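# Pasting a predicted model and its sequence here:
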Amino acid sequence: MAKKRRKSKPTSAKKRFSLRLSKQNKVILGSLLIVLSIALFFSFISFYFTWQADQSALSQFTDRNAEAKNLLKKFGAAVSHFFMYKGFGLAAFAFPVLLAVTGLYLFLGLQTKRLIGKWIWGLMGVIWISIALGFFAVDYPLLGGLVGYEMNDFLQDFVGRIGIFLLLVFVLVVIMVRLFNFSPEAIGNYFKEKGGLFQRGTSPESNLVKEMVEEGTIELDMAEEEPEQKIDTYTHKKDIPPLNQEAGLDVNLPQEEEVDIDLDVQKVNEEKEESDLKAEKLVKDFGEFDPKLELGNYKFPPLDLLDHHGGGGGININQEELEENKNRIVSTLKNYKIGIAQIKATIGPTVTLYEIVPEAGIRISKIKNLEDDIALSLAALGIRIIAPIPGKGTIGIEVPNKKATIVSMRSVIASKKFQNAEMQLPIAFGKTISNETFVVDLAKMPHLLMAGATGQGKSVGLNAVITSLLYKKHPAEVKFVLVDPKKVELTLYNKIERHFLAKLPDSEEAIITDNTKVIHTLNSLCIEMDNRYELLKLAMVRNIKEYNAKFKSRKLNPNDGHKFLPYIVLVIDEFADLIMTAGKEVETPIARLAQLARATGIHLIIATQRPSVNVITGIIKANFPARIAFRVTSKIDSRTILDTQGADQLIGRGDMLFTQGNDVTRLQCAFVDTPEVAKITEYIGSQRAYPDAHLLPEYVGEDSGTGIDYDISDRDSMFREAAEVIVTAQQGSASLIQRKLKLGYNRAGRIIDQLEAAGIVGPFEGSKARQVLVPDIHSLDQLLQNETKQ
Ligand SMILES: Nc1ncnc2c1ncn2[C@@H]1O[C@H](COP(=O)(O)OP(=O)(O)OP(=O)(O)O)[C@@H](O)[C@H]1O
């Protein structure tokens, strides 16, 4: 309080000052100073040529007959004489510079507070240069001016010439250190920055491509180089001063100055500017924040861990088969009196697309109506007719190849498209019908629904998604929450628990196989989402990408609860099983996450064997625009997933349809076998890991919070403070207590329970904040007093 009162005085003084110096006055004064500085500058220059001739004019300043040779005549001669001859010699040039800077600040309406520093440093520099010139140029006293000469004379009596020299060196060091941040680390950083180009070129991602060419040699180089850089920056990290240590006082200023709107706006700008400057300085000194630092030696899995699956040689083109299929298509269509003008084949890994241009006059709707008959006549499993192909005026008939080519995970991971993908969460699903690698960004989807009958490739698909991310992301950047009711599909990922998995604080296993745990985890993710939204709000950004970028550039202070946020990918392998046993309890948090979690970097991937409407409900469907269908058994199932048929005509074994809205793309899913996943997890798991899996916020179940009777004496020592925080903010959330009182989540949760028992907050309401039952601090005082009386 005392602090505040003391602060308010200068504020009002500032306000008066600011009111007196209106915007127009600032512009006028600014221009005056700029003009004056230019006049001084020319006078000083001219002085060096005319000073001897003008000596006499100085004494006859008022005599109109006496003329001065200086460019600015008597004024120029007089001021130059004062500043240069009697003053500081050459160093006096600093004055026009300082005046010009001051003038510009006023003219442009910038904050003048920082000018004080500039003037202090400027004057120090003037004195130093003047003495230095007086010292070194003894024969030219005009260079150092009278001040330089006299100061030298004076100092020589006391410390001698060597003493003056040492003094000058010392002051120079002080100026360099304070003004230009001259430090051994800064020099080190400068050279590191220079060398940065090389390091960037050998990022683990790009390493992967090179690895293919150079089979491991580069990886060795990397291993030697990286630690050096990491360790160095790590030590810096410890030295970083908390961002707000100095800015703490400033933070309150804008609120105090609310009366004057003009003043207020300027203040806020300045504050921003200052924190930005501070962040820039931190980045300059210590480099950007590197989330990967803690596992700086982490090596991305090499390509060798993946098999070719016989697909290394590309697609076999069977000319005979092509010809045969073409003839069948032409003759079948002829039976329906549809003439073909042109036919073109595109060969994919599993199917070949025959693109037909019908003869003029034939309506596409006719062909569309005959869709089933044509499929029947061609008499092959997995034929799909696309009439017309979206965006083209042609009709597509997809006919399965007799010999399907397996698309290996290795080939898609090694593809340029995946390697160069500038995506947040790139996933290489497989190959399209035209044999192009298909890469999508999970962050953009933003959630994925996967369905397909048993044995058609769902698990392989899930593994392909996870593998893609493991090959592209560092453990600091992405965390998986794995739900596996079948208990066997995802067990392999246990090995990377401390690298890539997230779990509830009290659970032993990171992979969730128990249904009640799933409910807790989903609610915990909702809390995580709310907490993240709170952080995004504080940081004034819209999504996790902007937030992390801001955090990396050190604009967010970890002391305010800010931290680097990894993406969280929730994978549920058998959703049907879950929804059947837990119903709404699962559906509600899933729907909430699906609706809101996108901006906070939480993405959902849900796979189900039974794509019936009671599993994929309307709410879920509405929030999962990206869907994948492997082969299903009926048209109805296909419609449930994709809103169109087609999935029932797939041939299985990874043949799939992907939609992200309107268009449906047929893909051959990349194949990654269990032994390959085992090798990858083994490779990652054997490396140095975090001490524990990434911990999700603790979720206190609905029943555990109600009706607990806490003894008053058992209350937490921070109970009273927490109650005040909650009542003042009128928001009953544990995260608020956590933040304001700097407590751990568990302790904050316990206090919330005690507050509930004391009747200060209402019961648990899912992931929403609890209702606060006490309206103000006065009522709180009364309530607590009554308690002690009882
Ligand atoms: N992309 C693919 N390429 C080649 N073969 C595949 C592909 N995907 C799946 N298969 C084959 O299909 C088999 C079954 O796949 P998968 O285990 O993924 O099916 P699923 O849909 O998960 O079945 P379930 O629901 O019973 O677990 C695999 O063992 C493999 O032989």
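Structure received.
# Leaving aside the residues adjacent along the chain, what's closest to residue 519?
residue 585 (5.1 Å; Cβ to Cβ, 6 or more residues apart in numbering). Glycine gets a C-beta too; all of them are placed from N, C-alpha and C.
# tell me which strands and helices the host helix or strand of that neighbour is in contact with?
For residue 585, the enclosing helix or strand under DSSP states H and E is helix 584-596. Using 3 or more Cβ pairs under 8 Å, 6 or more residues apart in numbering; DSSP states H and E, the elements in contact with helix 584-596 are helix 515-539, helix 575-582, strand 602-608, helix 618-623.
# just those: most buried one?
The highest mean neighbour count among the helices and strands packed on helix 584-596, using mean count of other Cβ atoms under 10 Å, belongs to strand 602-608: a mean of 25.
# Any residue of that strand touching the ligand?
No. Strand 602-608 lies out of reach of the ligand by Cβ under 6 Å from any ligand atom, never closer than 7.7 Å.
# related to what we said a few turns ago, surely the residue nearest to residue 519 meets residue 521?
No. Judged on Cβ atoms under 8 Å, residue 585 makes no contact with residue 521 at a distance of 11.9 Å.
# Of all the helices and strands packed on helix 584-596, which one is nearest residue 725?
helix 515-539 (14.5 Å; Cβ to Cβ).
# The closest one vs strand 602-608, what angle?
Here helix 515-539 points in a direction 150 degrees away from that of strand 602-608 (axes from the mean of the first three to the mean of the last three Cα atoms, to 10 degrees).
# For this structure, give the residue positioned nearest to the ligand.
Residue nearest to the ligand within the chain: residue 654 (2.2 Å; Cβ to the nearest ligand atom).
# which non-adjacent residue is nearest residue 617?
Residue 617 sits nearest to residue 587 (Cβ to Cβ, 6+ apart), 6.4 Å away.
# I'd like to know how far the one you found sits from residue 613.
13 Å (Cβ to Cβ, to the nearest Å).
# And for residue 671?
31 Å.
# Which one of those two is surrounded by more residues?
The neighbour comparison of residue 671 against residue 613 (other Cβ atoms under 10 Å) goes to residue 671, with 25 against 12.
# Wait, the more buried one touches residue 654, no?
Yes. Taking contacts as Cβ under 8 Å, residue 671 lies within contact range of residue 654: 6.1 Å.
# list residues touching both of the two?
407, 460 (Cβ atoms under 8 Å, 6 or more residues apart in numbering).
# Quick check: residue 388 vs residue 109, distance?
On the measure of Cβ to Cβ, residue 388 and residue 109 end up 62 Å apart.
# Show me which of these two is the more surrounded one.
Using other Cβ under 10 Å, the more surrounded residue of residue 388 and residue 109 is residue 388, with 16 against 13.
# my guess is the more buried one contacts residue 394, does it?
Yes. Using Cβ under 8 Å, residue 388 is in contact with residue 394, at 6.3 Å.
# Now do the host helix or strand of residue 657: which elements does it pack against?
Per DSSP H and E: residue 657 is located in strand 655-659. With contacts taken as 3+ Cβ pairs under 8 Å, 6+ apart, strand 655-659 sits against strand 426-432, strand 626-629, strand 664-669.
# where's it relative to the chain centroid, distance-wise?
31 Å (Cα atoms, centre = their mean, to the nearest Å).
# what does stretch 656-667 give?
29 Å.
# do the same with stretch 620-636
Worked out by Cα atoms, centre = their mean, stretch 620-636 lies 31 Å from the chain centre.
# Show me the shaky parts of the stretch 651-790 of the chain.
Residues of the stretch 651-790 of the chain meeting the criterion pLDDT under 70: 701-711, 766-767, 789-790.
# what does it have sitting close to the ligand?
So far as Cβ under 6 Å from any ligand atom goes, the stretch 651-790 of the chain lies against the ligand at 653, 654, 669, 671.
# ok, now the chain?
So far as Cβ under 6 Å from any ligand atom goes, the chain lies against the ligand at 406, 452, 454-460, 609, 653-654, 669, 671.
# Kindly indicate whether the residue nearest the centre of the chain is helix, strand or coil.
Residue closest to the average C-alpha location in the chain (Cα atoms, centre = their mean): residue 548, at 2.5 Å. In three-state terms, and counting by DSSP: H, G, I helix; E, B strand; the rest coil, residue 548 is helix.
# Specify the stretch among the helices and strands packed on strand 655-659 that is closest to residue 91.
strand 426-432 (59.2 Å).
# Now do the very next helix or strand once past the closest one against strand 655-659, angle only.
Proceeding N to C from strand 426-432, the next assigned helix or strand is strand 437-441, under DSSP H and E. Counting by the same axes, to 10 degrees, strand 437-441 lies at 40 degrees to strand 655-659.
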